[in-house]
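Enquirer: Quick one: sequence plus predicted model below, questions after.
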Amino acid sequence: MTDTDRLLGRRIKELRERVGLSQERLAEILQVSRPAVSQIEKGERRIHADELRLLAETFNISVDRLLDLARDPEVVLDLGRLRPAGQEIRIDVPQRNLQKFKEVLLYILTKVGSRPNVGETVLYKLLYFIDFDYYEKYEEQLIGATYQKNRYGPTPIEFLKVVEQMIADGEIEKVKSSYFQYPQTKYLPLRPPDLTILKASEIQLIDEVLDRLGWMNAGQISDYSHQDAPWLTTEDGAIIPYEAVFYRTKPYSRREYRDESE
């Protein structure tokens, strides 16, 4: 195998981990065995054209972008602007929003992060419902993160860059574990959240979301997010607009979903 094969394999692994997919799940999408995915990520197996197409669809990027190993969708803290759909994504995270993002994440981790079902994918969806539920109730942004629609539910684009900074600053720790037979990425808080950053109404709503959804595993909460109007009314790969929460109707009851599951 060539250096290009190894670089492409490393890129596929990074993208897979970025969207919270296990090797087993990616193998199902590609209709290959899990060892075949491992070989691809190590650069030990060539990728067929139809597999490239499926990979591009899974990661919501073009085949050209997938093969362009010198470029990657980028998240920048305190710099940049959101570019048009289909273009490279750069997200502006003002310092105030960045600090609130950190404290909300630490609060979530303190409350439910130790539960075995709460890995990175669950965190993505908890943040989404916290942000969108707060906007629906108060018409104000809580964190104000930017969420992209992919086939596994809303993904906060800023998450990985914020987490990288928090790890570097000794605020959280990243841990690789497993949930049943699936690999899982967990985060452990290394300091308590600064609750002076959050309003009482914000803490109350976060608690409500964690009580309602914090028991779900990755598959359940991803399926559940697919019922939400903002996700349903947004095109694949596009940024989910906060205003779409007002498409929600009374019959959409998240409490009922929990009751039926139990």
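Expert: Looks like it came in fine.

Enquirer: can you pull out the helices in this structure?
Expert: Here the chain has its helices, by DSSP state H, at 3-18, 23-30, 34-41, 49-59, 63-67, 95-112, 120-138, 159-168, 200-213, 218-225, 229-232, 254-261.

Enquirer: Which of the ones you listed comes out lowest on mean pLDDT?
Expert: Among these, helix 254-261 has the lowest mean pLDDT, at a mean of 42.

Enquirer: out of the helices of the chain, deepest packed?
Expert: Of all these, helix 120-138 has the most neighbours on average by mean count of other C-beta atoms under 10 Å, namely a mean of 22. For the C-beta atoms, the positions are set from N, CA and C on the backbone; glycine is no exception.

Enquirer: Could you check how far that helix is from the centre of its chain?
Expert: 11 Å (C-alpha atoms, centre = their mean, to the nearest Å).

Enquirer: Likewise for stretch 169-185?
Expert: 14 Å.

Enquirer: pLDDT of it, averaged?
Expert: pLDDT averaged over stretch 169-185 gives 84.

Enquirer: first vs last residue of that stretch, how far apart are they?
Expert: Separation of the first and last residues of stretch 169-185 by C-alpha to C-alpha, to the nearest Å is 19 Å.

Enquirer: got a list of contacts for it?
Expert: Residues outside stretch 169-185 that contact it (C-beta atoms under 8 Å, 6 or more residues apart in numbering): 17, 20, 22-25, 102, 105-106, 109, 116-117, 119-120, 163, 166-167, 186-191, 217-218.

Enquirer: change it to 6 Å
Expert: Contact with stretch 169-185 is made by 22, 116, 119, 120, 166, 167, 186, 187, 188, 189, 190, 191, as judged by C-beta atoms under 6 Å, 6 or more residues apart in numbering.

Enquirer: check contacts around the second one.
Expert: By C-beta under 6 Å, 6+ apart, the contact list for residue 116 reads residue 179.

Enquirer: Please report the distance of it from residue 180.
Expert: Distance, residue 116 to residue 180, using C-beta to C-beta, to the nearest Å: 9 Å.

Enquirer: same question, the last one
Expert: Noted for residue 191: a distance of 30 Å to residue 180, by C-beta to C-beta.

Enquirer: Same drill for those two, tell me which one is more crowded.
Expert: Using other C-beta atoms under 10 Å as the criterion, residue 191 and residue 180 rank with residue 191 on top: 13 against 8.

Enquirer: Could you measure from the residue nearest to residue 111 when sequence neighbours are not counted over to residue 201?
Expert: Nearest non-adjacent residue to residue 111, counting by C-beta to C-beta, 6 or more residues apart in numbering: residue 210, 5.4 Å away. As judged by C-beta to C-beta, residue 210 and residue 201 stand 15 Å apart.
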